[in-house]
Structures are given as C-alpha cells and as structure tokens.
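Visitor: okay, here's the prediction I keep looking at, along with the sequence it came from:
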Amino acid sequence: MTDQTLKILETDRLVLRVFEPSDLDAFAAIEADPDVMRYYSSGPRTRENAERAMGQFREMQATYGHSLWALDEKDGKKCIGYSGVIPQTIGGRQEMEIGYKLAKEFWGKGFATEAASAVRDWGFSNLRVRRLISIVDPLNTASIRVAEKLGMRYVQNSEYEGKDCRIYAVSRPLS
C-alpha cells in the first residue's frame with residue numbers, strides 16, 4: 001500500500017482498501033478472465049472497462065465513504081479481487097449490496113467469505129440500513145455458499161442487468 005489512509009478494513013489474512021491506479025493490471029486481468037466473469041451479464045471486460053470501474057469505485061468512496069474495495073493478501077499479494085458495499089436498485093427499491101469477486105487462483109480458500117463477513121459487519125456498524133443484500137446468479141453455487149455463510153437467506157428472484165438473479169439478504173442484528 002502506498003498510503004495507509006486508503007486502508008478501510010483488515011481481517012486475519014486480508015486488507016481491504018481503496019483501489020489505486022497501480023491495481024489496474026491485476027484488476028483488469030480478473031475482469032478479463034472468462035471463468036471469473038462467467039456469471040456476469042457483461043461477460044469478460046476490457047482493460048478500459050476495468051479502468052473505468054476503478055474510477056467509479058474511487059468516486060463512490062470519495063462521495064459516500066464506501067464502495068467496492070481492493071483485496072490484498074497480508075502475505076504480500078496485491079489486488080486479488082474486491083469486496084465492499086454499494087447501492088443498488090432492485091425492483092424499484094434502494095438496497096445496499098455486499099459484493100465480492102476474486103481472481104481464480106484464490107478461489108476455495110475462504111477469502112470471499114472472510115472479506116464479505118468483514119464488509120457485512122462494517123456495513124451494519126457504519127450504514128443506516130436494516131438489511132444488506134447480495135445479487136447472485138442462480139447457477140453460481142460458490143457465491144450462494146458465501147452469501148449463506150454471511151447469514152444471508154434467499155428472499156426473491158429479480159432481474160438485474162437483464163439477467164435473472166437471486167437476491168439474498170441478512171438483517172441487522174438486534175442489539
């Protein structure tokens with residue numbers, strides 16, 4: 001990390017931080033991977049799309065104080081994916097979504113659950129929302145498992161970016 005102020009969260013194995021321009025190569029490779037992007041309506045994305053997305057994440061962070069954040073492995077591997085919380089409109093209703101995506105080489109190691117759990121806790125501590133959602137392709141069983149490990153339960157089917165999806169949600173814990 002070039003600037004400690006960019007760090008948002010830390011877990012046992014990960015640092016979640018604001019995207020930096022130096023993340024472009026790693027992030028563009030993730031976005032271009034057909035396996036990673038299999039369940040996204042856009043399919044694999046170009047380097048230009050990845051750069052534009054990173055700019056949007058940085059703008060969102062500056063404006064709202066949250067976004068999708070780059071994931072770094074504490075052991076040194078930089079930008080292995082992202083997780084964070086972003087606003088979405090589902091069925092005309094404003095929601096806050098926990099998003100997560102990892103480079104294929106990091107699948108199956110619990111990183112998505114670890115990052116998204118920290119994001120869930122951050123969201124309930126810092127945002128005035130009664131629930132957080134995840135938008136998941138019904139065929140993406142790995143992502144469904146992550147949502148369920150976060151305490152999310154299936155609530156409805158919905159269309160998102162022209163694709164049929166499932167909405168999973170977790171409610172704010174009672175204090």
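Guide: All right, it came through fine. Keep in mind it's a predicted model, so treat the numbers as computed, not measured.

Visitor: now do the buried residues in stretch 20-34.
Guide: Glu20, Asp23, Ala26, Phe27, Ala28, Ile30, Glu31, Ala32, Asp33 (16 or more other Cβ atoms under 10 Å). C-beta here means a position set from N, CA and C on the backbone, and glycine is covered the same way.

Visitor: so for it, mean pLDDT?
Guide: Mean pLDDT, computed over stretch 20-34, is 97.

Visitor: quick check: the closest residue in space to Met54 that isn't next to it in sequence vs Ile90, distance?
Guide: Spatially, and ignoring its direct neighbours in sequence, Met54 is nearest to Phe19 (4.6 Å; Cβ to Cβ, 6 or more residues apart in numbering). Phe19 sits 25 Å away from Ile90 when distances are taken as Cβ to Cβ, to the nearest Å.

Visitor: among the two, which residue is more densely surrounded?
Guide: Each of Phe19 and Ile90 had its neighbours counted (other Cβ atoms under 10 Å), and the higher figure belongs to Phe19 (23 against 17).

Visitor: that one reaches Phe57, doesn't it?
Guide: Yes - when contacts are counted by Cβ atoms under 8 Å, Phe19 is listed as touching Phe57 (5.2 Å).

Visitor: list residues touching both of the two?
Guide: Common neighbours of Phe19 and Phe57 (criterion: Cβ atoms under 8 Å, 6 or more residues apart in numbering): Leu68, Trp69, Tyr82.

Visitor: out of those, which are buried?
Guide: Neighbour counting by 16+ other Cβ under 10 Å classes Leu68, Trp69, Tyr82 among these as buried.
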